[in-house]
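Asker: Let's see this in three dimensions:
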Amino acid sequence: MRILTIILSLVCANTFGITPGEFAKTKEKAEKGDAVAQYNLGLCYANGIGVPKDKVEASLWYRKSAEQGHDLAQNNLGALYFNGDGVPRDPINANFWYRKSAEQGCALGQLNYGLIKAFGEGVARDPIEGHAWLIVSSANNTEAKEIKDKFEGTLTAKEIQSAQSKAGEIQAEIEARKKAEKK
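Answerer: Numbering: from 1, shown residues only. Okay, here's the model as predicted:
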């Protein structure tokens, strides 16, 4: 379990969308409901960019953005719940937000959801489905590929084959959802 916690602690999206000097403009946009600005504000508070580090405030802005469907905000909110940063530790809520992010095609969300499923943290343990999500994530994330390869060593050949089949189904569902959203 300690390895899972360390891995999930590391895979919170940490791309900084703004510089400290842009903080006020970003906050104004976020307060008007801009999901990207809300996500960026969450990053500022989570990492102390332009403001003192405040995980509680970060969780509030991530949630606003996540509820509007921002996939990285959903992933980061999941990470806060998983680690108990700024919110009470809650693997069930972490699972909820990681899955939302994963289903939108976010490689980090897929990685985190795959790990939660593989190890049964907050959800029923399902190493085949977990590995399937790791396979999907690894197509767009080298870190996920390394983790997938290590986890694969714990599975039988039959389980790997089942996970590969499930990964194809998952990828098809994601692509169909994205195609439907474009219409």
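Asker: could you pull out the helices for the protein?
Answerer: 2-10, 23-31, 35-47, 55-67, 71-83, 91-103, 107-119, 127-138, 142-152, 157-182 (DSSP state H).
Asker: Can you list the low-confidence ranges for the chain?
Answerer: 1-21 (pLDDT under 70).
Asker: ok, 90 please
Answerer: 1-26, 44, 47-52, 121-123, 140-144, 177-183 (pLDDT under 90).
Asker: just to revisit the earlier point, now the helices of the chain in TSV, with mean neighbour count?
Answerer: C-beta coordinates here come from the backbone N, C-alpha and C atoms, glycine included. Below are the helices of the chain laid out as TSV (neighbours: other CB atoms under 10 Å):
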stretch	mean neighbour count
helix 2-10	13
helix 23-31	16
helix 35-47	24
helix 55-67	21
helix 71-83	27
helix 91-103	22
helix 107-119	27
helix 127-138	25
helix 142-152	16
helix 157-182	13
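Asker: shouldn't residue 79 be in contact with residue 94?
Answerer: Yes - between residue 79 and residue 94 there is a contact at 7.3 Å, judged by CB atoms under 8 Å.
Asker: quick one: the closest residue in space to residue 100 that isn't next to it in sequence and residue 98, what's the gap?
Answerer: Distances taken as CB to CB, 6 or more residues apart in numbering put residue 74 closest to residue 100, at 4.6 Å, once the chain neighbours are dropped. According to CB to CB, to the nearest Å, residue 74 and residue 98 sit 7 Å apart.
Asker: Nothing else from me, thank you.
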